[in-house]
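>>> coordinates for the following, if possible.
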Amino acid sequence: MATAYFAAMEAVKNQIAIALIAGYVMHVRGFVVFWRHRASFKRIASPLIITAVAFVPIVIRAVVIHINFIIIAAGTYAVMIVGTIGRFLTIPYEMRIIQFTGLYEPYILFLAILRQGSYAQALSILWVWTIERACATIYAADYEKNKRIHLSIIFNVASISCSYVVSYALVTRIFNGLIVIVVAFISNSSCALAFRVLGRYNTKHLARLTHQFKRYPDEYSLSLRIQLKENVSTMKKIEFGVYSYTVVLAVNLLLIFIPFITLTDTNQFEALQWCTCISNLVVALSILCTSPILETSIAIHTNKIPPFLRALLGREYFTQNNPSQKKEMDEYFYQLDSQWSTGLSIISSGRFN
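I've put the predicted structure just below:
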């Protein structure tokens, strides 16, 4: 079986190498396009982005998602990029372009730890997200005013350090892969459930605060209301992604660790090596296919519509307002105006009486 894999892959290894390199280049190009237009992303940018490894702060504008959440997401992205580089550098070994005697050669071991570290980081990201949202709920009274950036830095340092420790333990087989699967699935499912509970709690707290304003306007806190609305808005933005991520992560973990648990023969591991190379090809080709979609969506968001889209869909398609967003915004300002008008009238009548 291994011989058949080797013969089949040997015939097309040059084409595979070109496709992998092209996919990786397109991935880098997509990130460059995003970075070039970062100032225009006022709804998804942040005041601070932690860049890979160096943790250099770069100040840009933001209005929606809290800075701590963005710092955590940026730290995770940095680990993923490092893992992608590790994956890319192991491709020559997987394709037999460079010969090593085994998986425990120093270079291969180091690259395997980097690559596996991205998977380990994926295991912990839901934990960190949930803890950050819990902090946003606990410190809702002044979480927007007092950013508490040190919390996100602590979370990042702890999660990244643990990711590479777990990665080393998995690569050297100190940890049992099956136990890791079970622990990761249970913990991430629990985090998804906790995330939902936090979302409902913030929604109910916001509703109680609105009701409280009508009865006790002097005790109303506008900053608390703004923070609660930010909590609810952020959770709604990423709630579906959290649930989907939990399911995809469970399936992905099974695909990663089950072969290392069940396979014992050397020839079987050789076949697995070629299967891994094929999966790298699939990843690269998927990036190659999605990169134009990413670039087009960025162009639309920055109001730099590609000419072929203008010709295909017409200028009116991109200039019309989104009625649902406009309605939601009007309702919010109408509610805020009515609340303040009611509160001021109550206070005024109390003074005159």
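
>>> contacts and neighbour counts: CA atoms only from here.
Will do.

>>> could you tell me how many residues sit around His150?
By other Cα atoms under 10 Å, the residues close to His150 number 10.

>>> pull out the buried residues from the strand or helix carrying it.
His150 is part of helix 149-171 when elements are defined by DSSP states H and E. Using 16 or more other Cα atoms under 10 Å as the test for burial, helix 149-171 gives 152-153, 155-156, 159-160, 162-164, 166-168, 170-171.

>>> from the residues you listed, which is closest to Asn68?
Of all those, Ser152 has the smallest distance to Asn68: 5.1 Å, by Cα to Cα.

>>> name the nearest residue to the closest one, sequence neighbours excluded.
Closest residue to Ser152 in three dimensions, ignoring its sequence neighbours and counting by Cα to Cα, 6 or more residues apart in numbering: Asn68, at 5.1 Å.

>>> Thr84 too?
Arg115 (6.6 Å).

>>> pLDDT at the one you found, what is it?
Looking at Arg115, its pLDDT stands at 80.

>>> could you do Leu123 as well?
pLDDT at Leu123 comes out at 78.

>>> buried ones in the strand or helix carrying it?
For Leu123, the element it lies in under DSSP H and E is helix 106-138. For helix 106-138, burial by neighbour count (16+ other Cα under 10 Å) applies to 108-109, 111-134, 136-137.

>>> next: stretch 182-189.
184-185, 187-189.

>>> just the CA trace of it, in PDB.
Listed next in PDB are the C-alpha coordinates belonging to stretch 182-189 (Å, rounded to 0.1, in the frame of the first residue of the first chain):
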ATOM      1  CA  VAL A 182     -12.000  13.600  25.100                       C
ATOM      2  CA  VAL A 183     -10.800  16.500  27.300                       C
ATOM      3  CA  ALA A 184     -10.800  19.000  24.400                       C
ATOM      4  CA  PHE A 185     -14.300  17.900  23.300                       C
ATOM      5  CA  ILE A 186     -15.800  18.100  26.800                       C
ATOM      6  CA  SER A 187     -14.100  21.400  27.700                       C
ATOM      7  CA  ASN A 188     -15.000  23.100  24.400                       C
ATOM      8  CA  SER A 189     -18.600  22.000  24.600                       C
END
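
>>> outside of that stretch itself, list whatever touches it.
With contacts defined as Cα atoms under 8 Å, 6 or more residues apart in numbering, stretch 182-189 is touched by 123, 126-127, 246, 249-250.
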